[in-house]
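S.K.: fold the following, please.
(chains A and B)
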Amino acid sequence: MGNKKKNKTKVMKNTENGNDNNNNNKQTTTEDIAIEVKDLWIGYKDIQAYSIKKSLLKLKKAHVEEFQAVRGVSYTVKRGEILGIIGKNGSGKSTMLKALAGIFCADQGTIELKGHSVSLLSIGVGFQMEITGRENILLSGMLLGFSEEEIRGKMPEIIEFAELGKFIDKPVKTYSSGMYSKLAFSITAVLQTEIMLIDEVLSVGDAKFKKKSYRKMKELISNKDRTVVIVSHNEQTLLELCDRVMWMHDGEIKRIGDPKEVLDEYAEFMK
Amino acid sequence: MTRFWNDMKKYYDYEIRAAKSELKTEVANSYLNWIWWVLDPLFTMVIYYLIFGVVFQAKELYFTTFLFIGQTMWAFFNKNVVQSVKMIKRNKSIVARVYIPKFVLLVSNMMINAFKMAISWMIVVIMMIATRVPLSSHLLCFIPIMIVMTMVTFAVSINLMHFGVFVEDLGNVINIVMKLLLYMTGIFYSIETRLGPKHPLAAKIILHGNPMALLITDMRNVLLYDKAPHWIWLLIWAMISIFFSVIGIKTIYKNENTYVKVI
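M.R.: Got it, this is the predicted structure:
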């Protein structure tokens, strides 16, 4: 489920940037492509909130800072593939992930998900402290785009995974922070979409649950029908999980390809 | 617009559930729990009654019920409009992490206010029985008037929700506008009988140009005074509301994915 909205914006003439990086995936046939990004530009310009007071005090128009977070990026991800994205802070990784999830809009270029459902893995969305864990599962699940029946069907699995026992019928405000994140993690881990977008691989709770949640994440990610995009700073995780790694630098793709090669080059660069 | 109805259907369950949890949260946080939902409108009415009934000697028939009807409808409109301005910012944690059609937040909030209004209406019924208001066939007009009021409220709120994202201090402006509008809506006086004889033109302009004044006046007429509502003007305002709702919905769909960059 999730949002099946195809994020399509008008393509404008801008051909020079970014296209030369991904010649290696041109051969793939169109059927098994899950994500196709063409010449994606995302900027944070000109969208500062306007204030009536400020504009009355200063008649001159404020200088607008332009900042392009993603500059003409193009790539494709095959169905079932695990793509890792690495890069220093502010290189546009998270922005792009949000655009894939349909939370951000692109300024130029297109993102095609070929009708696959997509969700950005985020824990505890829409949680209300005063209602019970069980009710929060429904609330959060519905917000992620699942129907009530689907969630009710998976409810036992979520509750079991979260290991909360009796607390599941108590208000979330009575939970310890560990219990809170266990519940939040279990919801996202059990309710999953065809395309999964992950901003940093999560492991929560105490040492035991950490292991368990990491294993669960790995299991989810390695499911061969599931297309996954992971943003991470942890080179070890990416090396372990990914089929391909993309290195982003200042909003552009610097390298994309075999995890080992790209990560080695990245490590060299970061020294 | 088809997208709007599809999204409406898809997220309807969520809207209800979110509204319920919000109400539960409100109840859980206070000592007297849901009694506040009754006390709040009741005390507002008592204040109005002391000022306008006792101090200014209002002479309207069934004055307390008259006041309460106005207060009930105004509270619904006012709360929705004021809350809509900050709606996106208030739900930042959701908006920044998942995609949902943004009007869903608004509709859910309207449900909360509608529930509170329903409690107020129950008090109105009790007051009508207690003060022996004669029953008439005009009571049925309650439903169309409520529908038009919901439409007007939605039309105003959805447009404000959009501008509230981009105009930082819109909330301050709206607060002032709503204060002015409160006095121009005739919550504690009758536009027709107080303003009408001396300033017929002003009364007409307010009654027809301010949808809330029209709706409240008509509601009092049908519930208390066995008079027909201004059907034509109700229809006109329904059409205007549909027009602005469509504009609002289209604007929101077009811009909703830039909101997260601003907040």
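
S.K.: so B:F142 makes contact with B:N221?
M.R.: No - taking Cβ atoms under 8 Å as the definition, B:F142 is not a contact partner of B:N221, at 11.2 Å. Placement of C-beta: from N, CA and C, glycine included.

S.K.: burial count for whichever residue of chain A sits closest to chain B?
M.R.: Chain A approaches chain B most closely through A:C105 (3.5 Å), counting by Cβ to the nearest Cβ. When neighbours are counted by other Cβ atoms under 10 Å in any protein chain shown, A:C105 registers 20.

S.K.: where does it fall, helix, sheet strand or coil?
M.R.: Secondary structure state of A:C105, per DSSP: H, G, I helix; E, B strand; the rest coil, is coil.

S.K.: same check on A:M246?
M.R.: Counting by three-state DSSP, the backbone at A:M246 sits in strand.

S.K.: residues contacting it?
M.R.: A:M246 makes contact with A:75, A:83-86, A:253, A:255-256, A:262 under the criterion Cβ atoms under 8 Å, 6 or more residues apart in numbering or on different chains.

S.K.: with adjacent residues omitted, what lies nearest to the residue most central in space within chain A?
M.R.: What sits nearest the mean C-alpha location of chain A, by Cα atoms, centre = their mean, is A:L197, with 3.2 Å. Take A:L197 and drop its neighbours on the chain: the residue closest to it by Cβ to Cβ, 6 or more residues apart in numbering or on different chains is A:L120, 4.5 Å away.

S.K.: so the one you found is in which element?
M.R.: Applying DSSP states H and E as the criterion places A:L120 in strand A:118-121.

S.K.: ok, the following helix or strand past that strand near chain B or not?
M.R.: Per DSSP H and E, strand A:118-121 leads on to helix A:133-143 as the next helix or strand towards the C-terminus. Yes - against chain B, helix A:133-143 shows contacts by Cβ under 8 Å from any Cβ of the partner chain at A:135, A:138-139, A:142-143.

S.K.: so how far is the host helix or strand of A:R152 from its chain's centroid?
M.R.: For A:R152, the host element (DSSP H and E) is helix A:148-162. With Cα atoms, centre = their mean, to the nearest Å as the basis, helix A:148-162 stands 23 Å off its chain's centre.

S.K.: touching chain B at all, it?
M.R.: Yes - counting by Cβ under 8 Å from any Cβ, chain B is contacted by helix A:148-162 at A:E148.

S.K.: could you pull out the buried residues of stretch A:137-151?
M.R.: Residues of stretch A:137-151 classed as buried: A:137-146, A:151 (neighbour count, 16 or more other Cβ atoms under 10 Å in any protein chain shown).

S.K.: who's in contact with it?
M.R.: Stretch A:137-151 is contacted from outside by A:1-3, A:117, A:119, A:124-128, A:131, A:152, A:155, A:158-159, A:183-184, A:187-188, A:191, A:193, B:10-11, B:13-14, B:17-18, B:21, B:94, B:98, B:100, using Cβ under 8 Å, 6+ apart.

S.K.: just the buried residues from these, in ChimeraX please.
M.R.: Burial among the contacts of stretch A:137-151 is assessed by 16+ other Cβ under 10 Å; the matching ChimeraX selection reads:
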select /A:1,2,3,117,119,124,125,126,127,128,131,155,158,159,183,184,187,188,191,193 /B:10,11,14,17,18,21,94,98,100
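
S.K.: helices or strands up against the strand holding A:L120?
M.R.: Using 3 or more Cβ pairs under 8 Å, 6 or more residues apart in numbering or on different chains; DSSP states H and E, the elements in contact with strand A:118-121 are helix A:93-101, strand A:195-199.

S.K.: mean confidence score for that strand?
M.R.: Here strand A:118-121 scores 80 as its mean pLDDT.

S.K.: close to chain A: what parts of the stretch 51-200 of chain B are there?
M.R.: B:93-100, B:165-170, B:173.

S.K.: still on that earlier bit, who has more neighbours out of B:F142 and B:N221?
M.R.: Neighbours per residue, other Cβ under 10 Å: of B:F142 and B:N221, the larger number sits with B:N221, 19 against 15.
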